[in-house]
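Participant: Provide a 3D model corresponding to the input given below.
(one chain, ligands or ions: 3)
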Amino acid sequence: MASILEAEFKKAYKQVLESQNIYIASHVQPDGDNIGSMLSLGLALKKLNKNVRLLKSDEIPSDYMFLPNIDLIKDYDNIDEIDLFIALDSSDEGRLGKNKDLLSKAKTILNIDHHISNTDFGHINIVDHNASSTGELMYDFIKYMNISIDEDMATCIYTAISSDTGSFMYDNTSAKTHEIAADLIKIGIDKRNININLYQNKSLERTKLFIKTMDNLELYFENKVGLAKITQDMLEDCNAKMEDSEGIISFIRDISPVEVAILLKEFSNNEIKVSMRSKRYIDVAKICSNFGGGGHIRAAGCTINESIEEAKALILNEIEGLFR
Ligand code: AMP
Ligand code: MN
Ligand code: MN
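Facilitator: Ligands and ions are numbered 1, 2, ... in the order given. You can find the predicted model right below:
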């Protein structure tokens, strides 16, 4: 472990021991890494007899409802005593959504994340962009605290890592990632059940949305850029929800000539959430940062407050120079 990180682990553990009321928050539109990380750390801190609360930032996508103790993530009113606020997988305060306001009430903020764009907004920052996922950092931190990882915690960590590595396929997957996964398997997780829930559980509505979206795929710059849109009308036609767009962006990136995949999700007529993925050489975190977003080199996002057509024009204009 790098020494700077080790020093942060030490401070974080000390702070955990000294705190009683601990809140753990995720980013808006939580993903598998986020939800799995929250649950694993929450379960671990409960073993230390802490009063731990897992804050819901947004609806939990149905994909993750199979996770053990998922009901622990919920809304809380009248929060006043926060000894320790732990933000997970969130590159900046804005990503915390409605829970951002709690930061000012917290005695101590612990920021644990793996985004290259993390702003180190905590009093203690365990930020490692070489970690595949926040789940990987959860494994290290829980071990550091000498808490034994049980099957439920292992299931949540495995889900977190698998989600953020594209089932152990992306560049961020290291030898260490596999070593951690091996250990989680030894603990006795039901790997098959996790994989079925995560990857082989698509509803018919989601399948219809996939077909409709791909039918309207647009290709630019000699097919190096693949772009698709999901509008509210399309969701209605398919009786689907925006969370059913999960997986579409990866499919676009997986098309042979495509280097950059772009998915424009219309949450409302002037709120477009953009997802970007790249395959080999384009830094999509940099592109998204020009629109106030961020993420990782190969997976990033931003929100554009324009119509979907205007958002598309802005992005194509921004990346045009990269493909000349
Ligand atoms: P997504 O396309 O939503 O799966 O996001 C891909 C990556 O980009 C994730 O690591 C997100 O945390 C990050 N990301 C997405 N949207 C934003 C945003 N508006 N600001 C900063 N990071 C983002
Ligand atoms: Mn995330
Ligand atoms: Mn993550």
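
Participant: buried residues in stretch 174-181, which are they?
Facilitator: For stretch 174-181, the neighbour count (16 or more other C-beta atoms under 10 Å) marks 177, 180, 181 as buried. For glycine as for every other residue, the C-beta is placed from the backbone atoms N, C-alpha and C.

Participant: so which of the residues you listed belong to helices?
Facilitator: Among those, the members found in helices (DSSP state H) are 177, 180, 181.

Participant: which residues touch the one residue in the stretch 51-200 of the chain that gets nearest to ligand 1?
Facilitator: Nearest to ligand 1 in the stretch 51-200 of the chain, going by C-beta to the nearest ligand atom, is residue 91, at a distance of 5.3 Å. For residue 91, the contacting residues are 113, 115, 117, 118, 119, 294, 295, by C-beta atoms under 8 Å, 6 or more residues apart in numbering.

Participant: quick one: which of those residues is nearest residue 191?
Facilitator: Nearest to residue 191, judged by C-beta to C-beta, of the contacts of residue 91 is residue 113 at 26.1 Å.

Participant: just the pLDDT for the residue nearest to the closest one when sequence neighbours are not counted.
Facilitator: Using C-beta to C-beta, 6 or more residues apart in numbering and skipping residues adjacent in sequence, the residue nearest residue 113 is residue 127, 5.2 Å away. Per-residue pLDDT puts residue 127 at 98.

Participant: so residue 127 touches residue 117, yeah?
Facilitator: No: if you go by C-beta atoms under 8 Å, residue 127 and residue 117 don't touch, sitting 10.1 Å apart.

Participant: quick one, which of these two is more surrounded?
Facilitator: Using other C-beta atoms under 10 Å, the more surrounded residue of residue 127 and residue 117 is residue 127, with 23 against 17.

Participant: just name the closest of the contacts of residue 91 to residue 29, please.
Facilitator: Out of the contacts of residue 91, the member with the shortest distance to residue 29 (by C-beta to C-beta) is residue 295, at 12.4 Å.

Participant: tell me the bridge partners for that closest one.
Facilitator: Residue 295 has these beta-bridge partners by DSSP bridges: residue 300.

Participant: burial of it, as a residue count?
Facilitator: Neighbours around residue 295, by other C-beta under 10 Å: 22.

Participant: returning to what we had before: neighbour-wise, which of the contacts of residue 91 leads?
Facilitator: Of the contacts of residue 91, with other C-beta under 10 Å as the count, residue 113 tops at 28 neighbours.

Participant: who's in contact with that residue?
Facilitator: In this structure, residue 113 makes contact with 87, 88, 89, 90, 91, 125, 126, 127, 134, 137, judged by C-beta under 8 Å, 6+ apart.

Participant: what of residue 177?
Facilitator: The contact partners of residue 177, by C-beta under 8 Å, 6+ apart, come to 132, 136, 161, 165, 168.

Participant: tell me the pLDDT of it.
Facilitator: pLDDT, residue 177: 98.

Participant: and it, how far from ligand 2?
Facilitator: Distance, residue 177 to ligand 2, by C-beta to the ion, to the nearest Å: 16 Å.

Participant: just the C-alpha atoms of stretch 289-304, please, in PDB.
Facilitator: What follows is stretch 289-304, C-alpha atoms only, in PDB (Å, rounded to 0.1, in the frame of the first residue of the first chain):
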ATOM      1  CA  SER A 289     -14.900  18.000 -17.600                       C
ATOM      2  CA  ASN A 290     -15.500  20.600 -20.200                       C
ATOM      3  CA  PHE A 291     -19.200  20.300 -19.500                       C
ATOM      4  CA  GLY A 292     -18.800  20.300 -15.700                       C
ATOM      5  CA  GLY A 293     -18.700  16.600 -15.300                       C
ATOM      6  CA  GLY A 294     -15.900  14.100 -14.800                       C
ATOM      7  CA  GLY A 295     -15.200  10.400 -14.100                       C
ATOM      8  CA  HIS A 296     -12.500   8.100 -15.400                       C
ATOM      9  CA  ILE A 297     -10.400   8.100 -18.500                       C
ATOM     10  CA  ARG A 298     -12.500   5.300 -20.100                       C
ATOM     11  CA  ALA A 299     -15.800   6.000 -18.500                       C
ATOM     12  CA  ALA A 300     -17.200   9.500 -17.700                       C
ATOM     13  CA  GLY A 301     -20.300  11.600 -17.600                       C
ATOM     14  CA  CYS A 302     -21.800  15.000 -17.400                       C
ATOM     15  CA  THR A 303     -25.200  16.800 -17.400                       C
ATOM     16  CA  ILE A 304     -26.100  19.300 -20.000                       C
END
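
Participant: lovely, talk soon.
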